[in-house]
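J.: Kindly generate the corresponding structure for this input.
(one chain, ligands or ions: 1)
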Amino acid sequence: MEQFILTATLAFTVYILCLLGYRLTLHPLAKFPGPLIAKLTDGFGGVYALRKDIHLKIYEDHMTYGHVVRYGPDRLIFNTESAFQTIYNSDRVTKSHVYRAAQQHADQFNIFNVRDRGMHRAKRRLIGQVVSEKSMRSFEPVMLQQIDVLLQKLMKASASSAPVNITPTVRQLGIDIVGHLGFGYNLKMQTEETNHWLMNAFYLGDWRINVCMQWPLLTWIRPEVISGLMPNSIRARLFDLLDTMIKARLSQKIDSKHDLLGVIAGSMGNEFKSLRQQELWTEALFFFPAGGETTATAISAAFFYLSRNRECYKKLADEIRSSFLSGSEIRQGPQLASCRYLRAVIDESLRMCPSVPGVLWRELVTGDDGTEPFIVDGHVIPKGTQFGVHIFSLHHNEEIFPRPFEFRPERWLEAKDEEARKAMDRGFAAFSTGSRGCAGKPMGYLECSLVLAKTLWYFDFEKVSDLGGGVLGLPGIRGRINHFQVDDTFAATHNGPSIKFVPRPDVSHELS
Ligand code: HEM
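T.: Below you'll find the predicted structure:
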């Protein structure tokens, strides 16, 4: 027996050494630069994903190794606008198998993790009906009601000069809005604390997914082993709540509301009764972080940068206050669309601080035999490679965005020439692009625009502490005090800024 164990250990060691040697020398990606350990194992990315600072590490590695970096035995990352356009707009490319990490069960897919094209198209058609620009016209009153709740909270805080931590405040708003849009359900995140644990649940879920995407080996280990990332108690609680929401909605007339569940039900006709709730759960599990967390990041970043850049603050306040006659006029329409500086502030906030900062991993579609080489920035991508563009690095590529760590909404309005402007548009990846680009982009812009415009209509605001910024003396980006700091847990997570609101005397009566 002892002899057998010895031989097996020896054989295994030789196998591992040969594998590592192959990855370093003969592997089709051997010629690409990158950190040594990353060339040997996905565990390199996995560890940084566990630490939640993988976006900063990849940015540093792009600075060290250039526009293409090998970030796993079979992985390549780019940071150019040409790579971004080539990869995400190609018919030959699909989401990588690492998205399996986001599946609850092997045979259940949602719009985020589905890889089959036909199934994706069907899901996109359905969900598109709920989040499209047209749909937003009927949903806007509900969104406005929720934003009114936020404004009342800010008014209350201002009465006692209490600072407001923007991150949890707008996350609660975002989740409430998605609760209505998804299930016509009032989660009351903004007014009661009962469901506040949801914020932690979404954060842990996203983190787990990100770690497993970087290090897929962990997906195959039983979830209990990494249950520290998503304790079963929270999981069970989340599923119970989704169950309650779905049941509550099913007890109402299906066409009484224009929400995700109503649309899915409408599309299924009589079959709806037999719809497995799990399928709705899995769609809902993505819908909340997709719709709630992403917009919260954009809004938090905008507050952070506006409260530190008084010139930009003043320009935006002037634009909003001269475009409308009352706060209730601020709603979807040509007047809001004409606020160009507002749009530039949102885009610049998302550029500096993308809500999804990492790599959206892609691979060649199954059946693509690679006869025709797939070329990105002059590099042939071998079959079996996972590849993508790192959004944070692309957004801080100074060839496209000069002085990338400066918050300058003006760059979107006064590009030095047509070419420079085109490069910025092509290099702006906050919503991704192509057939798997964000389906909720119109909703994201609408929500951010309404929150920022209405807040600046009713209030002036300023920062009260350095919360959300970097810490002087820390190395790299963490040391930048005027950079909004996030952790990378697939969606960005953050804290702050801390803001004091002062009602504008001539208009605050409109709110009461
Ligand atoms: C500022 C706000 C937002 C940002 C920055 C954002 C960003 C993104 C990104 C980067 C993706 C691609 C993910 C991937 O390829 O893995 C995506 C996909 C998606 N987003 Fe958003 N998102 C935002 C708001 C929303 C909202 C409000 C909704 C609606 C509830 C939404 C729904 C979706 C859906 C359904 C997809 C999957 C699309 C598909 O695969 O066909 N997003 N989003």
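
J.: Output the set of residues of the stretch 301-450 of the chain in proximity to the ligand.
T.: Proximity of the stretch 301-450 of the chain to the ligand, by Cβ under 6 Å from any ligand atom, involves residues 350, 355-356, 360, 430-432, 436, 438-440, 443-444. All C-beta atoms are positioned from the backbone trio N, CA, C, and that covers glycine.

J.: what about 8 Å?
T.: For the stretch 301-450 of the chain, the residues in contact with the ligand (Cβ under 8 Å from any ligand atom) are 346, 350, 354-356, 360, 391, 429-432, 435-441, 443-445, 447-448.

J.: Quick check on the residues you listed: which are buried?
T.: Buried members of those, counted by 16 or more other Cβ atoms under 10 Å: 346, 350, 354-356, 360, 391, 429-432, 436, 438-440, 443-445, 447-448.

J.: Okay, and which of those residues map to helices?
T.: With DSSP state H as the criterion, helices contain 346, 350, 391, 443, 444, 445, 447, 448 from among these.

J.: Quick one: mean pLDDT for stretch 57-64?
T.: The pLDDT scores in stretch 57-64 average 98.

J.: Which positions within that stretch qualify as buried?
T.: Buried, per 16+ other Cβ under 10 Å, within stretch 57-64: 57, 58, 59, 60, 61, 62.

J.: Just give me how far that stretch sits from the chain centre.
T.: On the basis of Cα atoms, centre = their mean, to the nearest Å, stretch 57-64 sits 21 Å off its chain's mean C-alpha point.

J.: now the strands for the stretch 151-300 of the chain?
T.: Here the stretch 151-300 of the chain has its strands, by DSSP state E, counting those that start in this stretch, at 164-165.

J.: Enumerate the residues of it near the ligand.
T.: By Cβ under 8 Å from any ligand atom, the part of the stretch 151-300 of the chain that sits against the ligand consists of 174, 178, 181-182, 286-287, 290-292, 294-295, 297-298.

J.: ok, now which ones touch the residue lying closest to residue 168 once chain neighbours are set aside?
T.: In space, residue 168 comes closest to residue 199 once its chain neighbours are excluded; the distance is 6.8 Å by Cβ to Cβ, 6 or more residues apart in numbering. Residue 199 makes contact with 168, 171, 172, 175 under the criterion Cβ atoms under 8 Å, 6 or more residues apart in numbering.

J.: Who wins on neighbours among these?
T.: With neighbours defined as other Cβ atoms under 10 Å, the most crowded of those is residue 172; it has 27 neighbours.

J.: Was I right to think that residue contacts residue 192?
T.: No: applying Cβ atoms under 8 Å, one finds residue 172 not in contact with residue 192, separated by 9.9 Å.

J.: burial count for residue 338?
T.: By other Cβ under 10 Å, 11 other residues sit near residue 338.

J.: quick one: contacts for it?
T.: Applying Cβ under 8 Å, 6+ apart to residue 338 gives the contacts residue 323.

J.: what separates it from residue 323, distance-wise?
T.: Residue 338 sits 7 Å away from residue 323, going by Cβ to Cβ, to the nearest Å.

J.: show me the contacts for the closest residue to the ligand within the chain.
T.: Closest residue of the chain to the ligand, Cβ to the nearest ligand atom: residue 440 (2.0 Å). If you count contacts by Cβ under 8 Å, 6+ apart, residue 440 has them with 131, 290, 291, 294.

J.: Check the offset of stretch 399-418 from the chain's centre.
T.: For stretch 399-418, the distance to the chain centre is 23 Å (Cα atoms, centre = their mean).

J.: what's that stretch in contact with?
T.: Stretch 399-418 has contacts (Cβ under 8 Å, 6+ apart) with 80-81, 305, 308-309, 312, 315-316, 340-341, 343-345, 347-349, 351-352, 394-398, 421, 423-424, 427, 480, 482-483.

J.: switch to 7 Å and redo it
T.: With Cβ atoms under 7 Å, 6 or more residues apart in numbering as the test, stretch 399-418 has contacts from 81, 305, 309, 312, 340-341, 344-345, 347-348, 351-352, 395-398, 421, 423-424, 427, 480, 483.

J.: And stretch 466-475, by the same measure?
T.: Contacts of stretch 466-475 with the rest of the structure, by Cβ under 7 Å, 6+ apart, involve 304, 477-485, 494-498.

J.: Show the buried residues in the residues you listed.
T.: Neighbour counting over the contacts of stretch 466-475 (16+ other Cβ under 10 Å) leaves 304, 477, 483, 484, 485, 494, 496, 497, 498 as the buried ones.

J.: Do I have it right that residue 265 meets residue 254?
T.: Yes: contact criterion Cβ atoms under 7 Å: residue 265 and residue 254 qualify, at 4.5 Å.

J.: farthest pair in the contacts of residue 199?
T.: Spatial extent of the contacts of residue 199 (Cβ to Cβ) is set by the pair 168 and 175 at 10.4 Å.

J.: ok so residue 313 is a helix residue?
T.: Yes: per DSSP: H, G, I helix; E, B strand; the rest coil, residue 313 lies within a helix segment.

J.: Not including adjacent chain positions, what is the nearest residue to it?
T.: Residue 313's closest residue in space is residue 306 (Cβ to Cβ, 6+ apart), at 4.6 Å.

J.: Tell me how far the one you found lies from residue 127.
T.: The gap separating residue 306 from residue 127 is 32 Å, by Cβ to Cβ.

J.: Those two: which is more packed in?
T.: A direct count of neighbours by other Cβ under 10 Å for residue 306 and residue 127 places residue 306 higher, at 27 against 22.

J.: for the protein, which residue is closest to the average position?
T.: Here the mean C-alpha position of the chain is nearest to the C-alpha of residue 356 (Cα atoms, centre = their mean), at a distance of 3.3 Å.

J.: ok, that one touching residue 491?
T.: Yes: look at residue 356 against residue 491 with Cβ under 7 Å: they come within range, at 5.9 Å.

J.: Now flag whichever of the ones in helices among the buried ones among the residues of the stretch 301-450 of the chain next to the ligand is closest to residue 76.
T.: Nearest to residue 76 among these, counting by Cβ to Cβ, is residue 391 at 15.3 Å.
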